[in-house]
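1. Generate coordinates for the sequence data below:
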Amino acid sequence: MAPDDSTTDDIVAEAALQLWSAAQTDFDPFEVPSAEWPETAVPVRDADIAVDTHLEVDDVRAALGRLDGVKVVLGREAGTCSVLRVIPEDAPL
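-> Model prediction:
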């Protein structure tokens, strides 16, 4: 991973966390322990993360691909990549 990739990944991970948390309507991920997060969370689209970070969608998708399974859980449908869930910092590896 190039140094710029690491910076982009950090920016995308932070934006994904903030947007995903804001999108949740039935719970506040900052108030509810991660073990109690419901499985039916509201996803966040790659395009929304790109707008928030001022990055190109392709760069966001590449970063999300690197973060998938590490910091986020992704879903793909009809050419859109979405963050379905954020993996909490305290999750076992």
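2. SS state for the residue nearest the centre of the chain?
-> Centroid-nearest residue in the chain: residue 16, 3.5 Å away (criterion: CA atoms, centre = their mean). Secondary structure state of residue 16, per DSSP: H, G, I helix; E, B strand; the rest coil, is helix.
3. ditto for the one 10 residues further on
-> Secondary structure assignment for residue 26 (three-state DSSP): coil.
4. Give me the nearest residue to the residue nearest to the centre of the chain, chain neighbours excluded.
-> Distances taken as CB to CB, 6 or more residues apart in numbering place residue 83 nearest to residue 16, at 4.8 Å, with adjacent residues excluded. To be clear about C-beta, it is placed using only N, CA and C from the backbone, and glycine gets the same treatment.
5. hang on, the one you found packs against residue 48?
-> No. Look at residue 83 against residue 48 with CB atoms under 8 Å: they stay out of range, at 9.2 Å.
6. who touches both of those two?
-> Contact criterion CB atoms under 8 Å, 6 or more residues apart in numbering; residues shared by residue 83 and residue 48: residue 19.
7. More neighbours: the two, which one.
-> More crowded of residue 83 and residue 48, by other CB atoms under 10 Å: residue 83, with 29 against 18.
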